[in-house]
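>>> I need the structure of the sequence given here:
(one chain, ligands or ions: 2)
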Amino acid sequence: MLEVINPATEEVIETMGSATVEDADEAVSRAKAAFPKWKSIEPADRVKMLRRLAEALDSERENLARLESRNTGKPISEALGEMGMVAETFHYYAGMPERVLGDTIPVSGGIDMTFREPLGVVALIVPWNFPLTIASWKMAPALAAGNTIVLKPAELTPLTAARFERIAKEAGIPEGVVNVVVGPGSSVGQRLAEHPDVAKVAFTGSTDVGRRVMEAASGTIKRVTLELGGKSANIVFADADLERAAASAPSGFLGNAGQDCCARSRILVQKTAMDDFMSLLETAVKNVRVGNPADSDTEMGPLISASHREKVASFVPDDAPVAFRGDAPGGSGFWFAPTVLAPVSNDDHAAREEIFGPVAAVIPFEDEADAVRLANDTIYGLSGSVWTRDGAKALRVARAVDTGVISINSNTSVRVATPFGGFKQSGVGRELGPHALDHYTEVKNVYFAL
Ligand code: NAP
Ligand code: MG
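Ligands and ions are numbered 1, 2, ... in the order given. Take a look at the predicted model:
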């Protein structure tokens, strides 16, 4: 049995059965059996079904948000925003079945045309930090393109995925199209990545497990997309609006208590602005309200688990260069105070590894070339930001940083209509936007001799 914990109180919220490898096999069989029919539903009918599901998600938004907040410890305001995005993602892809377009290509002697065919059964393996949100980025395009799915949520956070399965059924998605298996990654996840009847694995999680998933998928040459870790740079030039940059920086490394693959956990600050920026940043960090996730004005909750808190704490040893810290509640719950380390060398442990907690490393730089060199000196390349009032410099730096998504004068990363994914060891493939559909379809080329 699996005990699901509320990380803000350490109380058991629910006890549920844990799936076995046999359960995973059965879910794949159900998805395989449902595929031919789901694939051949008229596009307009699939649009209607997905719209009904999107509307059901709109109606369930508050219930799902409360559940997600209790299970992850994220503030209710963030959970409401995320559940809004889940519904929006389904609304966006609901229109896609009629827009999965092919090409006609001029060739000699006939007509050549392309079609985008669904892949079959797709396994979706997701982490605990944004449980239903990340699942929706995979489920919505996979279903819109005509695939059937088996979703494996993280064992720590299975509640919204389990609820989603029921919502999909009630909204009229046919039997076998959406399947959720709650079980350990090392057995159930591994089996899905190896299963001969799974055509593709879409994985979000750590780079280490991503590597294992890629290996497991190689046995049957599965399609693989991976959204992995990050160590993104928030680059603040001396000519930036320093007040705005400092006011926004906490959202870049304290959002979701820093358990965010897009976290801007390296803050690169131009040396000439260091003192001014640090005093503004200190005020902003100390103003962040850390506490009960159920309170509507809470901005940061606890970490996901005791073992994860230990891992985060290992990045802040007694001799760490702590510039300042915010507050955190005591007592039960996996709390960790916002922490800023400065100055840090880009070669230090805290600047190289993904901490996945509310800890930022401030790294000084000289000039534009130095900033780009430091930003790129990492195995990752997921997100990032540039703060400057010089538009040309902003665009030069945005183009020069090897990263999948970068924002100018903002610390935001994801939008339903725009592509999201990593360079380098941050991943393979893109989610969201029209780009995601490429990863849930196969191109078929048909030649018609005239
Ligand atoms: P994780 O340990 O890699 O787990 C991710 C998922 O993979 C979980 O469902 C896990 O199951 C499963 N899993 C574990 N071992 C597996 C195996 N051998 N085969 C197949 N599946 C397996 O990641 P996490 O600790 O949950 O999440 C934190 C990491 O995710 C961070 O590194 C973060 O950067 C990354 N992340 C990336 C993105 C992105 O979009 N790039 C977004 C969010 C998180 P169980 O946990 O149930 O065992
Ligand atoms: Mg893990």
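>>> how about low-confidence regions in the stretch 251-400 of the chain?
Applying pLDDT under 70 to the stretch 251-400 of the chain flags no residue at all.
>>> Tell me where it has helices.
274-286, 306-313, 349-352, 368-376, 391-400 (DSSP state H, counting those that start in this stretch).
>>> Name the residues of the third one that come out as buried.
So the one you mean is helix 349-352. By 16 or more other Cβ atoms under 10 Å, the buried positions in helix 349-352 come out as 350, 351, 352. No exception for glycine: its C-beta is placed from N, CA and C like everyone else's.
>>> The spatially closest residue to the second one that is not a sequence neighbour: what's it in contact with?
Counting by Cβ to Cβ, 6 or more residues apart in numbering, the nearest residue to residue 351 once its immediate chain neighbours are dropped is residue 361, at 4.7 Å. The contact partners of residue 361, by Cβ atoms under 8 Å, 6 or more residues apart in numbering, come to 265, 266, 267, 341, 342, 344, 348, 350, 351.
>>> And those, which is closest to ligand 1?
Closest approach to ligand 1 among the contacts of residue 361 (Cβ to the nearest ligand atom): residue 265, at 10.5 Å.
>>> State the phi and psi torsions of that closest one.
The phi and psi values for residue 265, taken as degrees, to the nearest 10, are phi -90, psi 0.
>>> Kindly report the domain assignment for this structure.
As recorded under automatic domain parsing, the domains making up the chain are 2-228+424-449, 233-408.
>>> Can I get those in TSV including distance to ligand 1?
Listed next are the domains of the chain as TSV, based on distance: least, Cβ to the nearest ligand atom, whole Å:
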stretch	distance to ligand 1
domain 2-228+424-449	2
domain 233-408	3
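>>> got those as JSON lines, with distance to residue 418 columns?
Converted to JSON lines, the domains of the chain look like this (distance: least, Cβ to Cβ, whole Å):
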{"stretch": "domain 2-228+424-449", "distance to residue 418": "5"}
{"stretch": "domain 233-408", "distance to residue 418": "8"}
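>>> Enumerate every residue touching the residue nearest to residue 440 when sequence neighbours are not counted.
Nearest non-adjacent residue to residue 440, counting by Cβ to Cβ, 6+ apart: residue 145, 4.2 Å away. By Cβ under 8 Å, 6+ apart, residue 145 lies in contact with 96, 97, 100, 116, 118, 119, 437, 440, 441.
>>> Read off the pLDDT value for residue 145.
If you check residue 145, the pLDDT there is 97.
>>> What count of nearby residues applies to residue 106?
6 (other Cβ atoms under 10 Å).
>>> For the helix or strand hosting it, name the packing helices and strands.
Residue 106 belongs to strand 104-107 when assigned by DSSP states H and E. Judged by 3 or more Cβ pairs under 8 Å, 6 or more residues apart in numbering; DSSP states H and E, the packing partners of strand 104-107 are strand 110-118.
>>> which one among the buried residues of helix 349-352 gets closest to residue 28?
Using Cβ to Cβ, residue 352 comes nearest to residue 28 of the buried residues of helix 349-352, at 38.4 Å.
>>> Pull out the buried positions in the helix or strand where residue 47 lies.
Counting by DSSP H and E, the element that carries residue 47 is helix 43-59. For helix 43-59, the neighbour count (16+ other Cβ under 10 Å) marks 46, 47, 49, 50, 52, 53, 54, 56, 57 as buried.
>>> same question, stretch 266-278
266, 267, 268, 269, 270, 273, 274, 277, 278.
>>> what do you get for stretch 440-450?
Going by 16+ other Cβ under 10 Å, stretch 440-450 has these buried residues: 440, 441.
>>> Dump it to CSV, keeping only the CA atoms.
The C-alpha trace of stretch 440-450 is given here as CSV (Å, rounded to 0.1, in the frame of the first residue of the first chain):
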residue,chain,number,x,y,z
TYR,A,440,3.0,12.5,-31.0
THR,A,441,2.8,11.8,-34.7
GLU,A,442,4.7,10.0,-37.4
VAL,A,443,5.0,11.5,-40.9
LYS,A,444,3.7,9.3,-43.7
ASN,A,445,4.6,10.0,-47.2
VAL,A,446,2.1,8.9,-50.0
TYR,A,447,3.0,9.0,-53.7
PHE,A,448,0.2,8.9,-56.2
ALA,A,449,1.3,8.1,-59.8
LEU,A,450,-0.8,10.0,-62.3
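>>> Distance from the chain centre to that stretch, please.
Centroid separation between stretch 440-450 and its chain, computed with Cα atoms, centre = their mean, to the nearest Å, is 33 Å.
>>> pLDDT averaged over that stretch - what is it?
Averaged over stretch 440-450, pLDDT sits at 97.
>>> residues in contact with that stretch?
100, 102, 107, 109-119, 122, 141-142, 144-145, 147, 200.
>>> where's residue 133 relative to residue 271, distance?
Separation of residue 133 from residue 271 (Cβ to Cβ, to the nearest Å) stands at 38 Å.
>>> ok, and the closest non-adjacent residue to residue 35?
Nearest non-adjacent residue to residue 35, counting by Cβ to Cβ, 6+ apart: residue 148, 4.7 Å away.
>>> thinking again about what came up before, so which of the domains of the chain comes closest to residue 415?
Across those, closest to residue 415 is domain 2-228+424-449 (Cβ to Cβ), at 7.1 Å.
>>> Report the distance from the closest one to the chain centre.
Centroid separation for domain 2-228+424-449 versus its chain: 13 Å, with Cα atoms, centre = their mean.
>>> mind checking the end-to-end distance for it?
End-to-end distance of domain 2-228+424-449 (Cα to Cα, to the nearest Å): 59 Å.
>>> cool, stretch 195-213 as well?
End-to-end distance of stretch 195-213 (Cα to Cα): 11 Å.
>>> Buried residues of that stretch, list them for me.
Neighbour counts over stretch 195-213 (16+ other Cβ under 10 Å) mark 195, 198-205, 207, 209-210, 212-213 as buried.
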